[in-house]
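S.K.: Below are the sequence and a predicted model for it; my questions follow.
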Amino acid sequence: MQDQTMTNNFDGDGRAASGSQHRSDETRSAGAAAPSPQLARAIRATAEAWRRLEEEFGLLTSGEVAELLGVTRAGPSWVAAQRKARKIIGVRRGNTYVYPGFQFDHQTVLPVIGPLLELAHANGWSSDDLTLWTFGPTTSFVQEDRPVDHLRETEAVLAAATLTMEALW
């Protein structure tokens, strides 16, 4: 069974998937070789993070996003166009895209989302990578909490993202 939590292209344009997808493909192509315990734990932890994210914020369909944003006439095609234009975060699950609910407030997309997506794209981060980063704790904030808890603080979130995405190792 393919691990759908690891399937992603940045915006559906055929770009290479995130590194985590590549490792998952290598594991599957190894045939009978079982993944290392470390890789198995990492896969389980990632799946758990997605489960918690969906539970806390929801992973919306394009129809739900269109309704939430009041663009039901334009519908799912408008939502897909916004995803491709890097205006909203869409993550691929199976053969469809879903949209993390944390990026919406009432009938609008939070202003930080577009610049975050542009920064992620410029640094080779997938939408999966970006979404998981927003959900993980970071020392970039005083209380070492999650970027998702600061999405209304555009400058602080963009500074934290820049530090993380452009870090030289």
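M.R.: Happy to help now that I have it.
S.K.: Just the pLDDT at R92, thanks.
M.R.: For R92, the pLDDT comes out at 96.
S.K.: And the strand ranked longest in the chain, what does it pack against?
M.R.: Longest strand in the chain, counting residues (DSSP state E): strand 96-100. Helices and strands touching strand 96-100, as assessed by 3 or more CB pairs under 8 Å, 6 or more residues apart in numbering; DSSP states H and E, comprise strand 59-60, helix 62-68, helix 75-84, strand 91-93. Heads up, the C-betas are built off the backbone N, CA and C, glycines and all.
S.K.: partners of the last one, with directions?
M.R.: Looking at strand 91-93 with DSSP bridges, its paired strands and their directions are strand 96-100 (antiparallel).
S.K.: what inclination does the strand it pairs with have with respect to helix 75-84?
M.R.: Taking axes from the mean of the first three to the mean of the last three CA atoms, to 10 degrees, one finds that strand 96-100 is oriented at 70 degrees with respect to helix 75-84.
S.K.: Below-threshold pLDDT in this protein: ranges please.
M.R.: The model of the chain has pLDDT under 70 over residues 1-32, 168-169.
S.K.: mind listing the helices for it?
M.R.: Counting by DSSP state H, one finds helices in the chain at the ranges 19-29, 37-57, 62-68, 75-84, 113-122, 127-135, 154-165.
S.K.: hmm, back to that, how about TSV for the helices and strands packed on strand 96-100, with mean neighbour count added?
M.R.: Compiled in TSV, the helices and strands packed on strand 96-100 are given as follows (neighbours: other CB atoms under 10 Å):
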stretch	mean neighbour count
strand 59-60	20
helix 62-68	19
helix 75-84	17
strand 91-93	21
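S.K.: Which of the ones you listed sits closest to D129?
M.R.: Closest approach to D129 among the helices and strands packed on strand 96-100 (CB to CB): strand 91-93, 9.9 Å.
S.K.: out of the helices and strands packed on strand 96-100, nearest to S36?
M.R.: Closest approach to S36 among the helices and strands packed on strand 96-100 (CB to CB): strand 91-93, 25.3 Å.
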